[in-house]
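Undergrad: Quick one: sequence plus predicted model below, questions after.
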Amino acid sequence: MRRLLPHPLMTLTLATLWLLLVNSAAPGQIVLGLVLGWAIPLFTQRFWPETLHIHRPFALLRFIIRVLGDIVVANLTVARLILGHPQRLRPAFVLMPLALKSDLAISLLANTICLTPGTVSACLTLDRHHLLVHTLDTADREQLIAMLKSRYETPLQEIFEPC
């Protein structure tokens, strides 16, 4: 079964994304979305460096909802900062220590940080123990690191890395 359907969650995700992109739930589009959702993971399987194991699927759902909410709030915050007093911005580079070990989890953390306006993951150290993050406005570097760890890194650790 695993050979024919290597990534069932990815299949459903791709099919759902297809339906959202075409903005239609017509039977033909559903079938095409499922075929694409099945074929893409099947034919790209050899490029996946590690097998995806989601240890806590409901934590993944909570994480996605949290990130979407944070994106909205961060957009409003950045707009307020830029339209308000941009000369008062305190940009900074912050070196964030990582507890994550999985390449996939580190990649998702870096991408999540980039998706949230006002922050960009700039560089992963060669030893994969630190992530360099640029922030648009921060007064306390330690508070920023604690927030990123609690909101993003810890949930990703629960989702993708075994205890």
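TA: On my side now, so go ahead.
Undergrad: drop to CA atoms for contacts and neighbour counts, all remaining ones
TA: Noted.
Undergrad: Quickly find the element holding residue 39.
TA: According to DSSP states H and E, residue 39 maps onto helix 27-43.
Undergrad: Could you list the buried residues of the helix or strand that that helix is followed by?
TA: Moving toward the C-terminus from helix 27-43, the next helix or strand (DSSP H and E) is helix 57-83. In terms of neighbour count (16 or more other C-alpha atoms under 10 Å), helix 57-83 has its buried residues at 59-60, 63, 67, 70-71, 74, 78, 81.
Undergrad: still on that earlier bit, report the distance from the helix holding residue 39 to the chain centre.
TA: 23 Å (C-alpha atoms, centre = their mean, to the nearest Å).
Undergrad: How about residues contacting it?
TA: 3-8, 10-16, 18-19, 22 (C-alpha atoms under 8 Å, 6 or more residues apart in numbering).
Undergrad: Export the buried residues of helix 57-83 to CSV and append columns for distance to residue 106.
TA: Putting these into CSV (distance: C-alpha to C-alpha, whole Å) gives the following:
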residue, distance to residue 106
59, 17
60, 15
63, 15
67, 15
70, 19
71, 19
74, 21
78, 25
81, 29
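Undergrad: Quickly note the distance from residue 20 to residue 30.
TA: 11 Å (C-alpha to C-alpha, to the nearest Å).
Undergrad: Of the two, which one has the most company?
TA: Ranked by neighbour count (other C-alpha atoms under 10 Å), residue 20 and residue 30 place residue 30 first, with 16 against 12.
Undergrad: Can you get me a residue count around residue 106?
TA: 22.
Undergrad: I should have written residue 38 there, sorry.
TA: By the criterion of other C-alpha under 10 Å, residue 38 has 21 neighbours.
Undergrad: Next: residue 102.
TA: 15.
Undergrad: Torsion angles phi and psi at it?
TA: With angles defined as degrees, to the nearest 10, residue 102 sits at phi -70, psi 130.
Undergrad: swap in residue 120?
TA: Main-chain dihedrals, residue 120, degrees, to the nearest 10: phi -140, psi 130.
Undergrad: surely it meets residue 135?
TA: Yes - contact criterion C-alpha atoms under 8 Å: residue 120 and residue 135 qualify, at 6.5 Å.
Undergrad: sec struct for the closest residue in space to residue 74 that isn't next to it in sequence, please.
TA: Spatial nearest neighbour of residue 74, chain neighbours left out: residue 117 (5.4 Å); criterion: C-alpha to C-alpha, 6 or more residues apart in numbering. Here residue 117 takes the coil state, with states given by DSSP: H, G, I helix; E, B strand; the rest coil.
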